[in-house]
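*Asks:* can you look at this prediction? I've put the sequence above it.
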There are 2 protein chains.
Amino acid sequence: MKDPLLELPGYVLKRASAANLSELNQRLAPLRLRHGDAAFLLLIEASPGTTQSEVGRILEIERANMVPLVARLDARGWIEKRKVDGRSSGLFLTSAGRSVLARTRAIVDEHEAALIRRVPAKLRPYVLPILMALWSRPDPEEPK
Amino acid sequence: MKDPLLELPGYVLKRASAANLSELNQRLAPLRLRHGDAAFLLLIEASPGTTQSEVGRILEIERANMVPLVARLDARGWIEKRKVDGRSSGLFLTSAGRSVLARTRAIVDEHEAALIRRVPAKLRPYVLPILMALWSRPDPEEPK
DNA sequence: TATTGTTATACTCTATAACTATA
DNA sequence: TATAGTTATAGAGTATAACAATA
C-alpha cells in the first residue's frame, strides 16, 4: 500500500517534523527532558534574565503553558528566578542548569547533525532557506 | 528579543510544521474537519476498501487511535464499512463523503499552493526532495 | 488600562496495555 | 500464534477564560 499524500509538501513537512521530534525526544530521554525543555534551556542561556512571558512569546508557547514548564525545571534546581519588578522575574541557569545544558547541547548538536546528514550534500545549503520560507507568513503577491 | 534557535533545522522544521498545520486546521474549520480527517478521506478515496488498520499503518496512527476517527466520520455518514472477513471491514466513501471530500480537496490544494508560493521560485524544485530526505531514516554512512 | 504570573479547564494528539473475536 | 477492532487510560501539547498583583 502506497501513501498517496507524498506529493503534498505540507503533509511531508508534518511527517518529517513528527519523526524528527520523536527522535529528539528519544535522544533526550536519558536526561528526562523533552524537546520543549531543551529549547527553553538553550534560550535562557542565550539570553539570561529573560522572563517566562518573553520566552513564551519567542517559542510561541502560551503564558499559561509556561507555568508548569518553568516550575518543573525550577523544581529540578536548574533555573533561578530574580525579581525584576513586582510582577516578573528574570530567569537564569544555575550551575546545575549549566551542567545539564552542556549535555543537552551535545545531544541537540548531534541530533541536528544527523538530521542534515540525511540530505544529499548538494541540497544542504537550501535546507534552512526553504524551511524558513515555509514558516514565513504568506506573501500577498506572487514574487518573481 | 531574537530567537537563538533559528539556525537549527530541526527547530525550524518543527515551527514550520506547527504553523502550517494550524493554518490548515483553520482552513478546514468551516467543514468541521481537522487535518487528520482530511488525510484520512484523501487516502480512502485513493484506495477504496482499505481497512482502518491499514490506514493507520500508512499515516502512522495507532490502531487504537483510528477507532474514534473512523467512528466520527462514519457518524457523519461519510464512510461506509464493508466486511472483508470476520475481523475487518474495507472502508469506502459514501456519496456524501465524496461530496465533502471534493470541498476538502479544494481547500487542501489551495493550502498546499499557498505553502509552496512562500518559497522563492528558484528553490521550489528542492522542497519535496529536501522534506523527503529529512523524513527518511538515517543513512548508516555519510554518502558523497 | 495593560501586563505578569497563575489557576482551572478542555480539547487534540499520541502511546500503551489489555480484551474479544477471528484468522 | 498473529491480527483487527475495541476499550480504557495516561501523557503531552495547545488553547481560552478569569483572577490577583503590579505597572
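*Replies:* Perfect, I can see it now.

*Asks:* so is the helix with the most length in chain A next to DNA strand D?
*Replies:* The longest helix of chain A (DSSP state H) is helix A:95-117. No. For helix A:95-117, no contact with DNA strand D is found by CB under 7 Å from any atom of the strand; the gap never falls below 14.2 Å. For the C-beta atoms, the positions are set from N, CA and C on the backbone; glycine is no exception.

*Asks:* pull the contacting residues for the most centrally placed residue in chain A.
*Replies:* Closest to where the C-alpha atoms of chain A average out (CA atoms, centre = their mean) is residue A:39, at 3.8 Å. Contacts for residue A:39 (CB atoms under 8 Å, 6 or more residues apart in numbering or on different chains) come out as A:59, B:5, B:11.

*Asks:* helix, strand, or coil at the residue of chain A at minimum distance from DNA strand D?
*Replies:* Nearest residue of chain A to DNA strand D (CB to the nearest atom of the strand) works out as residue A:86 at 2.2 Å. Following DSSP: H, G, I helix; E, B strand; the rest coil, we place residue A:86 in the coil state.

*Asks:* and it, how far from residue A:58?
*Replies:* 23 Å (CB to CB, to the nearest Å).

*Asks:* who has more neighbours out of these two?
*Replies:* When residue A:86 and residue A:58 are compared for neighbours, residue A:58 comes out ahead with 19 against 5, by other CB atoms under 10 Å in any protein chain shown.

*Asks:* in terms of helices and strands, where is that one?
*Replies:* Using DSSP states H and E, residue A:58 falls within helix A:52-59.

*Asks:* cool, and residue A:67?
*Replies:* helix A:63-75.

*Asks:* got the angle for that helix vs helix A:95-117?
*Replies:* Direction vectors for helix A:63-75 and helix A:95-117, defined by axes from the mean of the first three to the mean of the last three CA atoms, to 10 degrees, enclose an angle of 120 degrees.

*Asks:* do the helix or strand following helix A:63-75 and DNA strand D meet?
*Replies:* Next helix or strand after helix A:63-75 toward the C-terminus (DSSP H and E): strand A:79-83. No. Contact of strand A:79-83 with DNA strand D is not found when judged by CB under 7 Å from any atom of the strand; the minimum separation is 8.4 Å.

*Asks:* and the pLDDT for the nearest residue to residue A:74 once chain neighbours are set aside?
*Replies:* Spatial nearest neighbour of residue A:74, chain neighbours left out: residue A:81 (7.1 Å); criterion: CB to CB, 6 or more residues apart in numbering or on different chains. pLDDT for residue A:81: 97.

*Asks:* roughly how far does residue A:81 sit from DNA strand C?
*Replies:* Going from residue A:81 to DNA strand C by CB to the nearest atom of the strand, to the nearest Å gives 8 Å.

*Asks:* partners of that residue in the sheet?
*Replies:* Per DSSP bridges, the residues bridged to residue A:81 are residue A:91.

*Asks:* which ones are touching it?
*Replies:* Per CB under 8 Å, 6+ apart, neighbours of residue A:81: A:74, A:89, A:90, A:91, A:92.

*Asks:* near DNA strand C, which residues of chain A?
*Replies:* A:18, A:22, A:51-54, A:63-64, A:66-67, A:70-71, A:87-89.

*Asks:* among those residues, the buried ones, what's the ChimeraX command?
*Replies:* Buried subset of these, written as a ChimeraX selection, criterion 16 or more other CB atoms under 10 Å in any protein chain shown:
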select /A:51,52,54,66,70,89
